[in-house]
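**Student:** A predicted structure for the sequence below; I have some questions about it.
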Amino acid sequence: MSMNRSHPSMPQGPKTVGSIADPSLLDHPFSADECEIIEFRLDGLLRNLGQVRDTLIKLKSSQLQTLITARCTSEGGLAELTTDQRNQLIGGLSPLATFVDIELANLAEMATAAEQARTNGALVVASFHDFKKTPDTDFLRDKVKHALDLGADMVKIAVHHNSVEDMYRCATLMQEGHSIAISLMGMGSLAPVSRVLYSQLGSLLNYGYLGDKETAPGQWPASLLSQAIRASKPF
Ligand SMILES: O=C1C[C@@](O)(C(=O)O)C[C@@H](O)[C@@H]1O
């Protein structure tokens, strides 16, 4: 794998991702006004994989991009899945997806899926989540470096903010400049403001929810996030 900022699918500015972890949303009337990228949380859609596949096929000929992930339970996933199952889920659907998201912690054991995804032209996002806190900045810098070393196309960090200082540290981290594409987001009550701020500082994938249920604490509805991002200029 190797980092690829010039890949034709790589966002050149902040995008809104609408996240789906609930089968009832597979019929949602997707529109670029609400979000430019649709995330399919396969861990919440296991009984509906046929419909996920059909939806991905339909979206492939639209202007929207798609992202698939099968989140592990230790990082917020909704179902207990073995590495084999996750390799198969992601590898199998990757020809239809623009991005695949694999936790940084599992990237080595999911090398098969990552390799398959890249062969199929998808970009590999290496993610890290902490639903309780914002780890110290050196720890987060290490995550960025690790993703770069493993050849991911993008690193994505989602951390719970418990103070304004947490947000300040993450904003500073964004401003350091990185040789890998980056997506960063806060969770919790500072999530909304952090997401707009980080998008202004260059965070590429900015998540909101579709329908009426968030997939992470503090997410905006995707349509509002999208409007807020469009209304704010890069800093
Ligand atoms: O990893 C992420 C980001 C996220 O956790 C968020 O904070 O918005 C939401 C998840 O659906 C997605 O897979």
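**Tutor:** Here it is on my side, so go on.
**Student:** and stretch 180-188, is it in reach of the ligand?
**Tutor:** Yes. Interface with the ligand: stretch 180-188 contributes 185, 187 (C-beta under 6 Å from any ligand atom). The C-beta positions use only the backbone N, C-alpha and C, and glycine is treated the same way.
**Student:** my bad, should have said stretch 137-152
**Tutor:** No. Residues of stretch 137-152 contacting the ligand under C-beta under 6 Å from any ligand atom: none, with a closest distance of 13.2 Å.
**Student:** helix or strand: which one has the residue in the chain sticking out farthest from the centre?
**Tutor:** Distance to the chain centre peaks in the chain at Glu165, reaching 23.7 Å (criterion: C-alpha atoms, centre = their mean). Here Glu165 is covered by helix 164-175, with elements defined by DSSP states H and E.
**Student:** show me what secondary structure element comes after that helix.
**Tutor:** Using DSSP H and E, the first helix or strand after helix 164-175 is strand 181-187.
**Student:** okay, and the beta partners of the closest residue to Ala216 other than its chain neighbours?
**Tutor:** Distance criterion C-beta to C-beta, 6 or more residues apart in numbering; nearest residue to Ala216, sequence neighbours excluded, is Met187 at 5.4 Å. When bridges are called by DSSP bridges, Met187 pairs up with His160.
**Student:** show me which residues of the protein sit near the ligand.
**Tutor:** 19, 39, 41, 69, 71, 76, 127, 129, 158, 185, 187, 207, 215-216, 219.
**Student:** and these, which of them are in strands?
**Tutor:** Applying DSSP state E to the residues of the chain next to the ligand, the entries found in strands are 19, 39, 41, 69, 127, 129, 158, 185, 187, 207.
**Student:** nearest spatial neighbour of the fourth one, skipping sequence neighbours?
**Tutor:** Pointing back at Thr69 there. Asp101 (3.8 Å).
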